[in-house]
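>>> predicted structure and sequence below. I'll ask about it afterward.
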Amino acid sequence: MTSGHHGFASSWVASANGHTDFPLQNLPFGVFRRAGTTELPRVGVAIGDEILDVSACLAAGCCDEAEPLAREAMRACASPALNALMAMGTAARRALRRALLDLLDVNTAGHRQLTARHALVPQRDAELLLPVQVGDYTDFYASVHHATNVGSMFRPDQPLLPNYKWIPIGYHGRASSLVPSGTPVVRPRGQRKGPSDAEPTVGPSRSLDYELELGAFVGTGNPLGSGIDVHQAEDHLWGLCLLNDWSARDLQAWEYQPLGPFLAKNFASTLGAWVVTLEALEPFRAPLAARAAHDPAPLPYLASEHDRLYGGFAITVEAWLRTARMRAAGEPSHRLSHGTSLDLYWSFGQMLAHHASSGCNMRPGDLLGSGTISGPARDSRGCLLELTWRGAEPITLPNGETRAFLEDGDELTLTAFAERDGVPRIGFGQCSGEVRAALA
């Protein structure tokens, strides 16, 4: 059995034992309340098609036998965000996970099962909220395939700038416009200037795009003026989630030089509801993508042999589109692309170590985005900018509709899962948003 993963053990929650994103081995954390109520939000874990109310379990006494650190972590789960639990660090997360695995295992004593059943809330009856109160959000550019493709469109003679393979490139995003999955996304307005336009105009974006990403949350941070050693970076990371960094490509093309993304990225970024812990992902660790023979080795503050061998995660990521016409006809979503986080050039540990290397103080709940995850194949490109090559090669959907970029009424959904022989498959749920028309 992989440590902390509980092998092929079953749960007394029957829906966790079939084909599900949320078997016993996953137990991702989120924040919820019963839909249509004024209940206070609190922390829960997904198990099958249910949510276990963690603080309710503690109050009911079904975790009285858990170790003290686990019970302290359970008390933090009465909060309306995961920040308090994240601030407790790795040991508390692991202790809480052990207690929950023990409680939800099929072999748990019957009286404990009966008590814990009263702490279950069907996911269909729950309102899922932002899992974390994000203070700061930084989006990286960690996929070399994405960076090369985008660079080829704008700088065909030099797709990658000289710094790319030396330094994890990122920009500071807008935490205030992070929204939970299911929140409609209003088409942004801004300045846009086409190559043949004499001057810019102001209006709704004509090139609205998605970005297929994973996000990593900081657990314990570091004091201002200090750093985070790359060898200990993962001790400061708490878990991963789905992230869609919506992008207005026409606004971006006009504004991004010389200082980078601004209004093209600050109107909305959608977060998945569930944060998958590093313990749940342990069986899916893998080496980082091999660097080309002529690529520079990471500088010492970014170099860790353990990170090179185990810092990658074999997570499949997918993007699905369902247009208004498809919904009206009852047609299913169409998969636009699928890739893997193993194609990332930089690990989350390297991103965090670099971010803090200037003395920047990271705090519990800070979010690091991977940037668009793209691979070498066309169907592994993680955004429409790449899939349609800046709109020059529109894609045709199964119903005959075409798309260069997103149109009003389009619903874009991201999914992710990890699987390999010998352990149960785990998933991340969904990260969805429907495009609404720009405000007048």
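Perfect, thanks for sending it. Numbers count the residues shown, from 1 in each chain.

>>> now the nearest residue to Arg155 once chain neighbours are set aside: phi and psi?
Excluding the flanking residues, the one nearest Arg155 by Cβ to Cβ, 6 or more residues apart in numbering is Leu161, at 8.0 Å. No exception for glycine: its C-beta is placed from N, CA and C like everyone else's. Main-chain dihedrals, Leu161, degrees, to the nearest 10: phi -70, psi 160.

>>> surely Leu161 is in contact with Val150?
No. Under the criterion of Cβ atoms under 8 Å, Leu161 is not in contact with Val150, lying 11.2 Å apart.

>>> the two - which one has more neighbours?
Neighbour totals were compared for Leu161 and Val150, and Val150 leads with 21 against 11 (other Cβ atoms under 10 Å).

>>> let me know the helix or strand that the more buried one is in.
Secondary structure assignment for Val150, by DSSP states H and E: helix 144-154.

>>> same deal with Glu279?
With secondary structure defined by DSSP H and E, Glu279 is part of helix 278-281.

>>> just how off-centre is the following helix or strand past that helix within its chain?
Of the helices and strands lying after helix 278-281 in sequence (DSSP H and E), the nearest is strand 285-286. For strand 285-286, the distance between its averaged C-alpha position and the chain's averaged C-alpha position is 17 Å (Cα atoms, centre = their mean, to the nearest Å).

>>> could you list the residues in contact with the helix or strand that strand 285-286 is followed by?
Toward the C-terminus, strand 285-286 is succeeded by helix 305-310 as the next helix or strand (DSSP H and E). Surrounding helix 305-310, the residues in contact under the criterion Cβ atoms under 8 Å, 6 or more residues apart in numbering are Val230, His231, Ala233, Glu234, Arg285, Ala286, Pro287, Leu288, Ser347, Gly349, Gln350.

>>> pop the domain breakdown of this structure in here.
14-129, 137-436 (automatic domain parsing).

>>> which ones are touching Phe29?
Phe29 makes contact with Val43, Gly44, Val45, Leu82, Leu85, Pro131, Gly239, Trp274, Val275, Thr277, according to Cβ under 8 Å, 6+ apart.

>>> could you redo the last one with a cut-off of 6 Å?
Under the criterion of Cβ atoms under 6 Å, 6 or more residues apart in numbering, the neighbours of Phe29 are Val45, Leu82, Val275.

>>> separation between the closest residue to it other than its chain neighbours and Arg325?
Spatial nearest neighbour of Phe29, chain neighbours left out: Val275 (4.9 Å); criterion: Cβ to Cβ, 6+ apart. Shown here: Val275 relative to Arg325, a distance of 34 Å by Cβ to Cβ, to the nearest Å.

>>> between the two, which has more neighbouring residues?
Neighbour count, other Cβ under 10 Å: between Val275 and Arg325, Val275 has more, with 27 against 15.

>>> local confidence estimate at that one?
Per-residue confidence at Val275 stands at 98 (pLDDT).

>>> with His5 instead?
The predicted local confidence for His5 comes out at a pLDDT of 62.

>>> one more: Thr2?
Model confidence at Thr2 (pLDDT) stands at 41.

>>> how about Asp343?
According to the model's per-residue confidence, Asp343 sits at a pLDDT of 97.

>>> how about Asp139?
The predicted local distance difference test score for Asp139 is 98.

>>> mind checking the longest strand of the protein?
Using DSSP state E to define each element, the chain has its longest strand at strand 423-436.

>>> now that strand: buried residues?
Going by neighbour count (16 or more other Cβ atoms under 10 Å), the buried part of strand 423-436 is 423-435.

>>> can I get these in TSV including distance to Gly170 and pLDDT?
Listed next are the buried residues of strand 423-436 as TSV, based on distance: Cβ to Cβ, whole Å; pLDDT from 0 to 100:
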residue	distance to Gly170	pLDDT
Val423	32	94
Pro424	34	95
Arg425	31	97
Ile426	27	98
Gly427	27	98
Phe428	22	98
Gly429	25	98
Gln430	26	98
Cys431	20	98
Ser432	25	98
Gly433	23	98
Glu434	28	98
Val435	26	98
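
>>> check which element follows the helix holding Val150 along the chain.
Using DSSP H and E, the next helix or strand after helix 144-154 towards the C-terminus is strand 170-172.

>>> what is that next one packed up against?
Of the remaining helices and strands, those touching strand 170-172 by 3 or more Cβ pairs under 6 Å, 6 or more residues apart in numbering; DSSP states H and E are strand 137-140.

>>> tell me how far the strand it packs on is from the chain's mean position?
Averaged C-alpha coordinates place strand 137-140 at 12 Å from its chain's average position (Cα atoms, centre = their mean).

>>> mind listing what that strand pairs with, with the direction of each?
Here strand 137-140 is paired, per DSSP bridges, with strand 170-172 (antiparallel), strand 367-369 (parallel).

>>> and the first one, how far from the chain's centre?
Think strand 170-172. The chain centre lies 16 Å from the centre of strand 170-172; the measure is Cα atoms, centre = their mean.

>>> measure the residue nearest to Phe29 to Ile373 for me?
In this structure, Val275 and Ile373 are separated by 18 Å, where distance is defined by Cβ to Cβ.

>>> can you check Leu178 too?
Remark: distance between Leu178 and Ile373 (Cβ to Cβ) = 19 Å.

>>> now Tyr141
The spacing between Tyr141 and Ile373, counted by Cβ to Cβ, is 11 Å.

>>> more crowded one of these two?
More neighbours sit around Ile373 than around the other of Tyr141 and Ile373, counting by other Cβ under 10 Å; the figures are 32 against 20.

>>> mind listing the strands for the stretch 51-200 of the chain?
Assigned by DSSP state E, counting those that start in this stretch, the strands in the stretch 51-200 of the chain fall at 120-122, 126-129, 137-140, 170-172, 178-180, 185-186, 189-192.

>>> of these, which is nearest Glu411?
Comparison of those against Glu411 by Cβ to Cβ identifies strand 185-186 as nearest, at 9.8 Å.

>>> dump the residue contacts of Tyr141.
Ala147, Ile169, Gly371.

>>> run the last query once more with 8 Å
Ala147, Tyr164, Pro168, Ile169, Gly170, Gly371.

>>> hey, C-alpha coordinates of the helix holding Glu279 in PDB?
Extracted in PDB, the C-alpha atoms of helix 278-281 (Å, rounded to 0.1, in the frame of the first residue of the first chain):
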ATOM      1  CA  LEU A 278      -0.300  15.800  -2.100                       C
ATOM      2  CA  GLU A 279      -0.900  12.600  -0.200                       C
ATOM      3  CA  ALA A 280      -3.700  11.600  -2.600                       C
ATOM      4  CA  LEU A 281      -1.400  12.300  -5.500                       C
END
